[in-house]
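Trainee: Compute the structure for the input listed below.
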Amino acid sequence: MTTDLAIVLGLLAAAVTMFAINRPRMDVVAILVMVALPLTGIITLDEALAGFSDPNIILIAALFVLGEALVRTGVAQRTGDLLVRHSGASEMRLVMLLMASVAGIGAFMSSTGVVAIFIPIVLRIAANIGTAPGRLMMPLSAAALISGMMTLVATAPNLVLDSLLRREGHQGFGFFDFTPFGVPILVLAIGYMLVARRWLAVESPAAPASRPRLADWIDSYGLAEREFRLRLGASSTLMGKRLDQLDLRGTAGVNILGIERSTPYGRRLIQPKADSVLQADDVLFLDVFRKSTDIEAFCTAHGLHRLPISGAYFTDRAQEIGMVELIVPPGSPLAGKSIAQSRFRSVYGLAIVGLRRDNQPDEDVDAQTVLRGGDVLLAIGRWNRIRQLHRGRDLVVLALPGEVDEVLEAPFRAVPAVIILGLVVAMMITGIVPNVLAALIGCLLMGLFGCVDMPSAYRSIHWQSLVLIVGMLPFSLALQKTGGVDLAAEGLRAMIGDADPRIALAVIFATTALLGLFISNTATAVLMGPVALALAAEMGLSPYPFAMTVALAASAAFLTPVSSPVNTLVVGPGGYRFWDFTRIGLPLVLIALVVATSLVPVIFPFHPG
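Mentor: All right, here's what the predicted structure looks like:
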């Protein structure tokens, strides 16, 4: 062993130790590596920073943006809603559909992002069917990790191995080259989890105080049966009239909460304003707060037709219409004014539908109700206007409903988002353009069609992961230059001897999985990829089965909560302990090992013809 190799191995051991104790952060460790290696003189500064020019780094960043677009447009959330509807109260069916859905979505976006999306969905489902979240969270994380075995772009280790093959002069992997291994592993993992879930946590962890839901306010403020949807007929007396001319609140005791109107992009719910002019075929969302109002007589008098309502007090439109509890602080300019005098709708874009005074609901709220300091108001309107309330001082936001966390940023862009994603996948499959260019084209199209904006795009990129990959790449080069890769390959070759090449794949898989106990799966792929390719060359075999085995083993990070951010995310919601992952994850690793050593040589022969 040379002095240079001893230095590199010492730095590697220090990095692994810091990864294992998580001090400092992994991306900081990667930066330390980039600084330390050039100082040793083993690699140059340009070589240490070369990772920033790797096209796959740009590709990974672009994939984060594409995933954010799927979140903002509700594609991922709608998948979760479908999951709820089709699973019913069956936990077995839920586990099957959950794992299949997560693996399917994770094949095209960040697995960490998929888990972040599904955690609140799973918590809500667990509460609805009366099961502990711990019985569902580990199937969620396992499926997200397996999604990395589905496509080339599903996880960073796949791209690392693909880039390594190309640097060595080989063709690289195709987009769906991973799928024949990921699908059987997923099927077997689902079957295993249907049995293993009974050994998972059966008690829910202590949950923090939750926000009220819209249904809670509907009940406490007595809003039920006050809601109506009315369509303007062709001869309606309201057609062509401005809302401030009608004064329906004062004359009829009704609030217009929203107006559904046809637009070139379909029917949209628009915010009612004083100068809003009603049109034929408009649908009015009404709150009838005056008990004496006869809604049938109102419809007859104005040529309106009643429409059915599918959600209590418009909760079926919670993506567009929200509620907020507000306090009128002492000294507010609103105190002493009636609701009409305060011009509440004109100023805040919201309608007051409930009032609590001295902690008691006031059922006789109308336009002439005088506001007082300390009054608690329940207001309803569009979410964007509710969020703007934090900027004012006349009112204090007391509470927001839990639904605020589920509101989509671009709910009407789901179809373009799916089409653009399909276009990106098609470009990657056909190879019309390089993968990184296909992803960048997808990002531009997502921005053009309003699926994502620049601030959210930059926020979506997991910079820590990118810095980690870039920082660990110099280790691979340093080990190659100092003979460390060849030494490791020779050691593995000596261990394997004249055994069947499948044994070599099993050893590579096991070594990669064990290394993943201490460092991230991306760093594992960076370190083990060159060793696997060197071993293949030493044995005179094709590099593809060895590279694929490393990629599959890197995604099989089931053994500890620190093996992958995917596992770390579910520890708290699932109420897990460190060793829960080891006892449940070890059989999953063995399943992946058996599938890999059985199928990889079939699809990627050791001696291609």
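Trainee: need the longest strand for this protein.
Mentor: Longest strand in the chain, counting residues (DSSP state E): strand 254-263.
Trainee: For the stretch 451-600 of the chain, which segments count as helices?
Mentor: 454-460, 463-481, 484-496, 501-515, 521-539, 543-555, 565-574, 578-603 (DSSP state H, counting those that start in this stretch).
Trainee: Would you mind giving those as CSV with mean pLDDT, mean neighbour count and distance to Gly51 added?
Mentor: Heads up, the C-betas are built off the backbone N, CA and C, glycines and all. What follows is these, written out as CSV (pLDDT from 0 to 100; neighbours: other CB atoms under 10 Å; distance: least, CB to CB, whole Å):
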stretch, mean pLDDT, mean neighbour count, distance to Gly51
helix 454-460, 88, 14, 20
helix 463-481, 80, 22, 4
helix 484-496, 80, 17, 17
helix 501-515, 91, 21, 20
helix 521-539, 87, 25, 9
helix 543-555, 95, 29, 17
helix 565-574, 76, 22, 20
helix 578-603, 92, 18, 27
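Trainee: Which one, of those, ends up nearest to Thr40?
Mentor: For these, proximity to Thr40 was assessed by CB to CB; helix 463-481 is nearest, at 8.2 Å.
Trainee: Packing partners of that closest one?
Mentor: helix 3-21, helix 26-40, helix 45-48, helix 55-72, helix 156-167, helix 484-496, helix 521-539 (3 or more CB pairs under 8 Å, 6 or more residues apart in numbering; DSSP states H and E).
Trainee: Turn the ones you listed into TSV, columns for distance to Val187.
Mentor: Shown next, in TSV, are these (distance: least, CB to CB, whole Å):
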stretch	distance to Val187
helix 3-21	32
helix 26-40	32
helix 45-48	43
helix 55-72	25
helix 156-167	20
helix 484-496	30
helix 521-539	22
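Trainee: Of those helices, which is nearest Ala132?
Mentor: Nearest of the helices and strands packed on helix 463-481 to Ala132, taken as CB to CB: helix 55-72 at 26.5 Å.
Trainee: Packing partners of the closest one?
Mentor: Judged by 3+ CB pairs under 8 Å, 6+ apart, the packing partners of helix 55-72 are helix 111-129, helix 156-167, helix 414-430, helix 435-448, helix 454-460, helix 463-481.
Trainee: Would you tell me which of the ones you listed gets closest to Leu257?
Mentor: helix 414-430 (24.4 Å).
Trainee: Alpha carbons only: can I get that closest one in CSV?
Mentor: Taking C-alpha atoms only, helix 414-430 is exported to CSV below (Å, rounded to 0.1, in the frame of the first residue of the first chain):
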residue,chain,number,x,y,z
ALA,A,414,-52.5,18.7,-13.7
VAL,A,415,-53.3,17.6,-17.3
PRO,A,416,-50.4,19.7,-18.8
ALA,A,417,-48.1,18.4,-16.1
VAL,A,418,-48.9,14.7,-16.9
ILE,A,419,-48.5,15.4,-20.7
ILE,A,420,-45.2,17.1,-20.2
LEU,A,421,-43.9,14.3,-18.0
GLY,A,422,-45.0,11.8,-20.6
LEU,A,423,-43.1,13.8,-23.2
VAL,A,424,-39.9,13.8,-21.1
VAL,A,425,-40.1,10.1,-20.5
ALA,A,426,-40.7,9.5,-24.2
MET,A,427,-37.6,11.6,-25.1
MET,A,428,-35.5,9.6,-22.6
ILE,A,429,-36.8,6.3,-23.9
THR,A,430,-36.2,7.0,-27.5
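Trainee: Give me the angle between it and helix 55-72.
Mentor: Using axes from the mean of the first three to the mean of the last three CA atoms, to 10 degrees, one finds that helix 414-430 and helix 55-72 are set 150 degrees apart in direction.
Trainee: in helix 414-430, what counts as buried?
Mentor: Ala414, Pro416, Ala417, Ile420, Leu421, Val424, Val425, Met427, Met428 (16 or more other CB atoms under 10 Å).
Trainee: which residues does the last one contact?
Mentor: In other words, Met428. The contact partners of Met428, by CB atoms under 8 Å, 6 or more residues apart in numbering, come to Leu152, Val153, Phe175, Asn435, Ala438, Ala439.
Trainee: Top of those by number of neighbours, please.
Mentor: Val153 (28 neighbours; other CB atoms under 10 Å).
Trainee: What is the burial count for the closest residue in space to that one that isn't next to it in sequence?
Mentor: Nearest residue to Val153, sequence neighbours excluded (CB to CB, 6 or more residues apart in numbering): Leu63, at 5.7 Å. Here the number of neighbours of Leu63 (other CB under 10 Å) works out to 27.
Trainee: so how far is Val467 from Ala457?
Mentor: Between Ala457 and Val467 the computed distance is 18 Å (CB to CB, to the nearest Å).
Trainee: Can I get the buried residues of helix 414-430 in TSV including distance to Leu49?
Mentor: Converted to TSV, the buried residues of helix 414-430 look like this (distance: CB to CB, whole Å):
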residue	distance to Leu49
Ala414	40
Pro416	37
Ala417	35
Ile420	33
Leu421	32
Val424	29
Val425	32
Met427	29
Met428	28
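Trainee: Right, I'll leave it there.
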